[in-house]
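missing the sequence, but the structure's below:
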């Protein structure tokens, strides 16, 4: 229950603190025979690495992944894949002061309440570095999905008040700007907004959107394990996420049924399609074959150098100004984390969907006696 | 994985279809010694019953709960509590037509994709009646929480474009109006809006807000089982929920860190408090002792009598108008469902938090050798 | 964790006490499209019913199963199947005396320690009637396995000192005698032994053996979820089981490697076979394609009318003689329970084995896009 | 489901192959505040190390444990503890031949069936080295139990035909002989038996017995998660275990109820005791406060240099003689593995038992608001 394991058929267990020896993940249930090398994973880790733009912390973290088990002669064996990234660039002295007080917006206070004390160096387990395990595992899940014709793509939809305009949507722009926005014009505005935030020693929130394409209809379970419910948990388990919505989300609450219902129609090839996708690709908790679309709201980075009020461990009111190297925004580096949590969720449920019909189970074992 | 079981230490398993013999739930892990009688549960079920106002379906469903196991001489025994509600008022003829086509916004199509066929009477397992099991179990969880000084309270925050005004917030109003709004003026406007929807043979969405009061700090697990992540899953697993947010939620994405961070301060009694609660009572996935506040967005009822386009099972484009007895809005009856899912989640994680510290485990077994 | 749920992909949750309103089980994850009617299950329940021979209690229990959900027009829908048997013939007065003391060999004392009190009528949840849920669910699992060409067959191997002789092994004999032994001669001796036990107001233990035929190679997981480990848990969770062994079991501990290893050889059809089956069909926790063979040791019925010493709830030493209707032996009625727990375990792991290879997953979704 | 994770509240996930980079385990749910250093774990790992006597393989494996996370300033933090042992002494050339055929008694064939291929170096994941993760985690569990006054002690009960005599039982002898027998005379006979086996290029099986002392009454769950069932799974998941029994085990099947029932009586201090312990400390799946006693049967080491028949990957019948460094017996090194699996199981269920009573939960949160 302690909650460092996620998933049923494909399960991942993460470990590691910001300033410990390293961060890692164990992937259990990965099917055998998948070609896998460190570079498949490194590509994903590089996307969350700091120090890549002027809006990410200048810390240099190499974050090189090492495969410690589960791969033999270039292929997964079906047994646990242990992945690890060593911590190399952590400077503990940066963080020594914060041992004495509770940073607003951080988990310092709640960890002390829960455990009686905490690893105060760099946030310990509650650090953003914890997401390295998620991304390393998600890279493997994404590779499997890709071999099944399923893609998972996330991007920055909004930064503070600046949102992308879908008329200008261009995925290739995402890698051209510092904020991972698929809209060059919005990216410029967002960068200006971030500069202003930083000038005020402040930080900013934003929204990540994610699209899953190619998922067959029939994935997700009817009651508590609805596909949207499992995605909600996966995404809300990322630190700093304060909201989740699928399809039209909160806007659906304001509209009427005749507008929100997606009409079915016969497509040219005779198959069934939908004229809209207000539902975000899920009906009754089960994928309907159209794109899955969801969004996650991230709060502003809690570490700001602007002065804030708080309490120290002696219970005295004090003013603090968090020093150190911090991103003024979490979102651009979180894009790949959202993508990875979605990939892990969808793969797990996709595999789970293989046993939903008696005739398909019979066929499977007739072919593989 | 099939997903009709929810929870780890307190786990609930629901069963039943809209037009089968009944709906039920098995609660496993309920602590022994809790006084429990059918009326404790009936009170909650009555809150989700249809036929209570002009905005809920005129179907008369008695929905009387029966305790079949796990209670002995008026107290829970610690073994599974089996609860059941018989289906009595279902008229199958109402639904026979919908067997032939896919209702927009419903799970008809996805069930067919997943299972090869579906129970088309009244939506089968995807019917709103499935929530009876959740509410019956949640009533037990809420009673336990209540004995521990923890309350869970949900209410309608918005219906279509009409939202409550917190300046007029009055919880006692909730039971005075047909829409469960704690604001009499907003309720009037909402009722007018619903009347207009119905006139247009249409339906409407809305938002439920929920407050958990009295939860100790330290509940929730750091990584994948953050308290907010588990609440997100619980709430998004309710049919028709399209969004979830905690604390400031999506608004946090638009603001800056200095405004979003909740400052800690020393309270008069020497304990630590927060000056605001933008976080919604959770930091780093763990409760901070302040109120937990979250919201769920519900889509409009998909069943509307307004004409809609869809496809029949032969793959032909057709127009349909859903007949039958349907609520123009899901929200008022869903309020208690949200409350119950929150109670189940919080109780499970509260019990899980008992083992987080070595000294407390030692103390426990020193007292109970 | 409370432990009334078993299984991952096919999970069953049981409920009910000996003298409550009924006993039931919810089966979640049953594939859709399986023809299922109450009689499929009743056949199995009849095999565990009391009152069928002079060695089973003369209580008349009809134990008629009712399907409450999950079956539509004669086929499983893929959603939870709720099965129930009403308690009809329980006479509570028989048991009122035992509320005051702890029966040796029963769970009275441990339930009081764990829960603070207990349902003392007929043993409550610790009654043998709890196995009704297991058998009802197991009947469904056995039917699915049967459609996949897999059979699960258990029988009495030994009663007290009397064991079957494999030279006389004849499965058809099993239903010809009161002790479910596939050896007529041994059955006669066993019946005589039981008569002697009863004359001395005593009871007797025994051994059930179970053979699973037709299971493909490759079922079971490498580490903690070895097929034998999961079978061990399933079988040892049946009340009164004190031992479990697979293949040669405890005899393997006494022998040498050259005798215990099963030599592989090329069979006439070119496939690989084994010359012996000391392993009981499992190597490294994974099925090898040969028969799975295991045994369960049952202790003697703890309820005996012979005088015994114990303690009452006031802590005084007393002598008791358990009255009431009790079988002098558990084994014959437990045969079907062992069979059912094996079926549930094997089906769950069989379904789990469908995702072990990347190429098979790809093939599956290529065929079912 | 893939099965490299064990436990619910305290869960462990193991990874690693015999000839990969290392072997490791992640422990999640360990309570915070436990003093822990590498040496606490090393002591346990040293007990399973090879090369310690003439009956264990002469391979020199240092097996030094490294703590990679979850410990801060000498104490557990409550977050995942990652432990690792690097593989240093593995000589892959020793094993290259076995890639071409299926070793009798090994998992080579079943891994190929399940996964399509296998890591053939040193058995890969099915190697005995996999137990390093179990022992490292078990050492932590044992330390926690020890602080709660609970001890777990295993020893060799039998090697081939040689069993200990309880009249000579002396636990201190265990470390004085090469076979971990608490009986000097039996150890001498066992060593002679092993010498004879080795002379014949053969191997030998044996039995490990384990005693858990100090466990409070009330641990274990009534139905599927009986304490004995969970111990059975834990122990049978150790490679080479073919049988499990608790208390009198298979002997209970041969006896009568009057002899098998343990009479309760009032002890001098007024508490309730049992005159015997045929039950092995568990009634109805729940601990009764007396010692838990169970046994595990281990098959002979399958790797023997004696010639054996088998099949190669081309499907041809061949004769093989397994070369390399192999113990003629598994049991002495498995003693600590059994102990560790028992410790993990018991600790998990002990923590789970903390929520069985409403009054104790109320008391807990009254003390820790």
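Yep, that arrived. In this text the structure is predicted, and so the values were computed from the model without any measurement.

could you pull out the helices for chain A?
Taking DSSP state H as the test, the helices found in chain A are A:38-48, A:108-115, A:131-147, A:184-199, A:227-236, A:257-260, A:331-352, A:358-367.

Quick one, which of those gets closest to residue D:263.
helix A:108-115 (45.6 Å; C-beta to C-beta). Where C-beta positions appear, they are placed from N, C-alpha and C, glycine not excepted.

Report the distance from the closest one to the chain centre.
24 Å (C-alpha atoms, centre = their mean, to the nearest Å).

try stretch A:311-326
29 Å.

Just confirm yes or no for it near chain D.
No: using C-beta under 8 Å from any C-beta of the partner chain, stretch A:311-326 stays clear of chain D, with a minimum separation of 15.2 Å.

How about residues contacting that stretch?
A:50, A:57-59, A:94-95, A:97-98, A:100-103, A:201, A:203, A:301, A:303-310, B:264-266, B:270, B:272 (C-beta atoms under 8 Å, 6 or more residues apart in numbering or on different chains).

Report the buried residues of it.
Neighbour counts over stretch A:311-326 (16 or more other C-beta atoms under 10 Å in any protein chain shown) mark A:311, A:318, A:320, A:322, A:326 as buried.

Of the contacts of stretch A:311-326, select the buried ones using a PyMOL command.
The buried residues among the contacts of stretch A:311-326 can be selected in PyMOL (16+ other C-beta under 10 Å) with this line:
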select buried, (chain A and resi 50+57+59+95+98+101+102+103+203+301+303+304+305+306+308+310) or (chain B and resi 264+265+266+272)
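
circling back to that earlier point, turn the helices of chain A into a markdown table, including distance to residue B:279 and mean neighbour count.
Shown next, in a markdown table, are those (distance: least, C-beta to C-beta, whole Å; neighbours: other C-beta atoms under 10 Å in any protein chain shown):
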| stretch | distance to residue B:279 | mean neighbour count |
| --- | --- | --- |
| helix A:38-48 | 24 | 19 |
| helix A:108-115 | 10 | 25 |
| helix A:131-147 | 20 | 25 |
| helix A:184-199 | 20 | 18 |
| helix A:227-236 | 13 | 29 |
| helix A:257-260 | 31 | 22 |
| helix A:331-352 | 18 | 27 |
| helix A:358-367 | 46 | 17 |
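
In strands, which of the contacts of stretch A:311-326 fall?
Here DSSP state E is the test, and the contacts of stretch A:311-326 give A:308-310, B:264-266, B:272 as lying in strands.

Please list which of those residues are also close to chain C.
Answer for the ones in strands among the contacts of stretch A:311-326 near chain C: none qualify (C-beta under 8 Å from any C-beta).

Let me know the closest of those residues to chain D.
residue B:272 (13.2 Å; C-beta to the nearest C-beta).

Quick check: the closest one touching residue B:263?
No: under the criterion of C-beta atoms under 8 Å, residue B:272 makes no contact with residue B:263, lying 10.9 Å away.

Mind checking the helices of chain A for the one nearest to chain D?
helix A:108-115 (3.7 Å).

ok and the closest one relative to helix B:358-367, angle-wise?
30 degrees (axes from the mean of the first three to the mean of the last three C-alpha atoms, to 10 degrees).

by contact count, what packs against helix A:108-115?
Counting contacts by 3 or more C-beta pairs under 8 Å, 6 or more residues apart in numbering or on different chains; DSSP states H and E, helix A:108-115 is packed against strand B:282-283, strand B:286-287.

if you look at the last one, does any of it touch chain D?
So the one you mean is strand B:286-287. No: on the criterion C-beta under 8 Å from any C-beta, strand B:286-287 is out of touch with chain D, staying 10.6 Å away.

what's the answer for the first one, then?
No: counting by C-beta under 8 Å from any C-beta, chain D is not contacted by strand B:282-283; separation bottoms out at 15.6 Å.

Could you report the neighbour count for residue A:216?
18 (other C-beta atoms under 10 Å in any protein chain shown).

Leaving out sequence neighbours, find the closest residue to it.
Closest residue to residue A:216 in three dimensions, ignoring its sequence neighbours and counting by C-beta to C-beta, 6 or more residues apart in numbering or on different chains: residue C:369, at 5.7 Å.

neighbours around the one you found, how many?
Other residues close to residue C:369 by other C-beta under 10 Å number 11.

picking up where we left off before, out of the buried residues of stretch A:311-326, which comes closest to residue A:348?
When the buried residues of stretch A:311-326 are compared against residue A:348 (criterion: C-beta to C-beta), the nearest one is residue A:326, at 33.1 Å.

Without its sequence neighbours, what residue ends up closest to that closest one?
residue A:303 (4.2 Å).

Regarding the one you found, what are the backbone dihedral angles?
In terms of degrees, to the nearest 10, the main-chain angles of residue A:303 are phi -80, psi 110.

Need the per-residue pLDDT for it.
Per-residue pLDDT puts residue A:303 at 93.

Tell me which residues touch it, please.
A:103, A:105-106, A:203, A:322, A:324, A:326, B:257.

Output those in CSV; the columns should cover pLDDT.
Putting these into CSV (pLDDT from 0 to 100) gives the following:
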residue, pLDDT
A:103, 95
A:105, 96
A:106, 95
A:203, 97
A:322, 87
A:324, 73
A:326, 78
B:257, 97
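
Tell me what residue A:210 is bridged to.
Beta-bridge pairing for residue A:210 (DSSP bridges): residue A:154, residue A:294.

Just to check, it is in contact with residue A:338?
Yes: in this structure, residue A:210 is within contact of residue A:338 by C-beta under 8 Å, at 5.3 Å.

Quickly list what's touching both of those two.
Contacts common to residue A:210 and residue A:338, judged by C-beta under 8 Å, 6+ apart, are A:154, A:296.
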